[in-house]
Every structure is written in C-alpha cells, then in structure tokens.
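*Asks:* show me how the following folds:
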Amino acid sequence: MKKIILFIMIGLGLTACMPARETAHWSLPPGNRDLHQFLDIREKDMRDCGINPVTGYHNTVEQGLCMEAKGWYYTRGPVCEDTAYITDEEINGPLCEEWRRKTGRPNPLLKSKK
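*Replies:* As a prediction, the model looks like this:
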C-alpha cells in the first residue's frame, strides 16, 4: 500500500513540473455567432490562407498576415512580433517591414537589443 501511495505522489510531482503546452491559437473578436458559424468561418479563412484547419497553426509569416487581414488575431500577439517562433530573416523581411510601416509598430529585434 505504501508503494502505491509513493508512486502516486511521484507521478503527481512529475506532472506538476511539466512545462505548459502550446496554447496560442487564432481567435476572432467576440461576436454574435454560434460555434458552428465560428468553425465554418475558421475553416474557410484558414484554407484561404493555406493553413491546415486541423492543426490550426501558421507555418509562414505570409499565412499569419493573411489571417490577421481577415480579422483574426493570434493570442500570442502579432505574427511579425513573435520572435520566439519566426526567424530574424522573416522579421526583417519585406512582409513584416510593410506590416510595420502600415501599423507604425517598431521592429521587435531592435527593441530587445536596447
């Protein structure tokens, strides 16, 4: 019996030390739509932008900017400011440079070097 309790305590201790899993996702501002409408809009917009709606993650800056242009927002923040998941070349690339000109936001790489 003591061994069982020990294994349960060790298991609980190990699961509490696990890092949080990726929870960032695409979302729309709240509106008057039910779940079925939301999923239909999400699938259509993701397919239009070249994103697999099953996984729901963008693989390129172009895909992310396409979703933002359709009114979606990434819960981790704007695509061109996501320094953890896109490369420096993409952040300094022409798509993000144009996005920064339109939005007036600074380059996140320059901000972090100060």
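*Asks:* OK, contacts around Pro108?
*Replies:* Cys80, Glu81, Thr83, Ile91 (CB atoms under 8 Å, 6 or more residues apart in numbering). All C-beta atoms are positioned from the backbone trio N, CA, C, and that covers glycine.
*Asks:* surely the second one is in contact with Arg105?
*Replies:* Meaning Glu81. Yes - Glu81 is in contact with Arg105 according to CB atoms under 8 Å; the separation is 7.1 Å.
*Asks:* neighbour count winner among these two?
*Replies:* Counted by other CB atoms under 10 Å, Glu81 and Arg105 do not tie: Glu81 has more neighbours, with 21 against 14.
*Asks:* dump the contacts of Pro108 into TSV; add pLDDT as well.
*Replies:* Putting the contacts of Pro108 into TSV (pLDDT from 0 to 100) gives the following:
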residue	pLDDT
Cys80	88
Glu81	87
Thr83	80
Ile91	84
